[in-house]
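Student: Model the structure of this input:
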Amino acid sequence: MKKELCKPSKVAIIGAGFVGATAAYALMIEGVANEITLIDVNRQKAEGEALDLKHGLQFVHTAKISFGSDYGLCRDSDVIIVCAGAHQAKGETRLDLIGKNTAIFREIIPKIAKNAPDSILLIVTNPVDILTYAAMKYSGFSKERVIGSGTLLDTARLRYWLSQHFKVSPQHIHAFILGEHGDTEFPVWSAANISGKPLSEFEGYSAKALKSAFRRTKESAYEVISKKGATYYAIGLAIVQIVRAILSDRNDIFPVSTLVNGYYGAGNACLSLPCVINRGGISRQIKLKLNEKERDALHKSWLTLRKHIKNIS
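Tutor: Model (predicted):
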């Protein structure tokens with residue numbers, strides 16, 4: 001068991017469905033927060049998940065699990081993870097969820113901001129880039145305090161598929177997926193390496209292998225949804241990494257969704273870039289040296305997202 005906290009911390013999770021409940025479980029077993037609060041419109045569901053977690057408190061460092069449907073439970077939270085909303089069904093793209101989930105955010109985000117005005121928002125609900133922008137608008141929070149889970153999971157998936165090909169641990173593969181968490185995301189092959197060695201110089205390299213790894217990455221969510229109905233384990237673990245970076249003030253660098261302003265000409269939209277994350281949220285964006293193809297892909301993602309963001313009111 002891990003105990004990294006230097007001060008008492010509270011994390012609230014909005015939405016006790018597959019992703020929210022799994023995130024709570026992962027946070028609990030990793031010892032990332034002293035208190036975890038589950039909030040759901042279905043109070044009975046939140047209670048059931050909380051009770052299941054409480055039964056395991058003997059085995060972990062988390063001190064308290066609470067639940068309910070009242071947004072007053074958000075008070076004094078350091079981080080609020082928003083998982084509430086309609087989920088991507090078989091055959092749907094993430095962008096198909098815009099209308100339903102923007103309406104939900106219009107209702108819940110002001111309640112969160114009212115009860116926890118000093119918190120950091122971590123948006124997980126899809127389409128995450130558009131909803132990160134919406135959360136910033138509806139909360140009035142600064143861009144530093146609104147983070148979207150973005151392409152952190154896509155990046156983990158890419159590193160997994162590359163690890164399978166190159167037969168090395170994914171922890172030693174350094175490769176980012178940036179842009180939209182969706183169909184216009186793109187890999188930054190120009191900066192990808194294995195422990196400092198460019199992929200193109202590593203044994204087993206081929207353009208075909210890289211193309212296959214990226215294809216498998218883009219298809220991963222659709223594949224899992226078609227087989228089991230939803231994705232939640234890996235995103236739950238990704239959430240833990242972001243929350244830990246915040247609460248432990250680690251200055252970790254993750255590809256997360258953030259407001260861009262002048263990043264290779266892209267602006268006034270949220271998409272994933274490498275960001276330094278600490279107790280204040282996003283402290284800065286890291287500007288990678290992208291080649292022309294990657295810059296074009298970034299602009300394609302940006303234009304796709306800008307088109308939909310214009311409709312947020």
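Student: shaky segments in the protein?
Tutor: 1-6 (pLDDT under 70).
Student: Quick check: buried residues in the helix ranked longest in it?
Tutor: Identified as the longest helix of the chain according to DSSP state H is helix 207-228. By neighbour count on 16 or more other C-beta atoms under 10 Å, the buried set for helix 207-228 is 209-210, 213-214, 216-218, 220-221, 224-225. C-betas here are computed from N, CA, C, even on glycine.
Student: now stretch 165-173
Tutor: 165-166, 168, 170, 173.
Student: What of stretch 293-313?
Tutor: Across stretch 293-313, burial judged by 16+ other C-beta under 10 Å covers 294, 297-298, 301-302, 304-306, 308-309.
Student: same deal with stretch 188-199?
Tutor: Neighbour counts over stretch 188-199 (16+ other C-beta under 10 Å) mark 188-189, 191-192, 194, 199 as buried.
Student: Which of those residues sits closest to A16?
Tutor: Distances from A16 to these, taken as C-beta to C-beta, are shortest for V188 (35.3 Å).
Student: Please verify my assumption that that closest one contacts E294.
Tutor: Yes: taking contacts as C-beta atoms under 8 Å, V188 lies within contact range of E294: 5.7 Å.
Student: dump the residue contacts of the residue nearest to N115 when sequence neighbours are not counted.
Tutor: Nearest residue to N115, sequence neighbours excluded (C-beta to C-beta, 6 or more residues apart in numbering): C74, at 4.3 Å. C74 sits next to 12, 14, 37, 39, 80, 111-112, 115-116, 119 when contact means C-beta atoms under 8 Å, 6 or more residues apart in numbering.
Student: Adding neighbour count and secondary structure, write these out as TSV.
Tutor: Output for these, formatted as TSV (neighbours: other C-beta atoms under 10 Å; DSSP: H, G, I helix; E, B strand; the rest coil):
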residue	neighbour count	secondary structure
A12	26	strand
I14	28	strand
T37	24	strand
I39	28	strand
I80	26	strand
K111	17	helix
I112	24	helix
N115	18	helix
A116	23	coil
S119	23	coil
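Student: mind giving me a markdown table with the buried residues of helix 207-228 and columns for distance to L158?
Tutor: A markdown table is the format used below for those (distance: C-beta to C-beta, whole Å):
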| residue | distance to L158 |
| --- | --- |
| A209 | 12 |
| L210 | 10 |
| A213 | 6 |
| F214 | 7 |
| R216 | 8 |
| T217 | 4 |
| K218 | 9 |
| S220 | 9 |
| A221 | 13 |
| V224 | 15 |
| I225 | 18 |
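Student: Of the buried residues of stretch 188-199, just say which sits nearest to G262.
Tutor: V188 (18.6 Å).
Student: Excluding sequence neighbours, find me the nearest residue to the closest one.
Tutor: In space, V188 is closest to F176, 4.8 Å off (C-beta to C-beta, 6+ apart).
Student: what about the one you found, distance to L158?
Tutor: From F176 across to L158, the span is 8 Å (C-beta to C-beta, to the nearest Å).
Student: I'd assumed A33 was in contact with S9.
Tutor: Yes: the criterion here is C-beta under 8 Å, and S9 meets it with A33 at 5.0 Å.
Student: does the residue of the chain lying at maximal distance from its centre count as helix, strand or coil?
Tutor: Here the chain reaches farthest from its C-alpha mean at E203, the gap being 32.2 Å by C-alpha atoms, centre = their mean. Following DSSP: H, G, I helix; E, B strand; the rest coil, E203 is assigned to coil.
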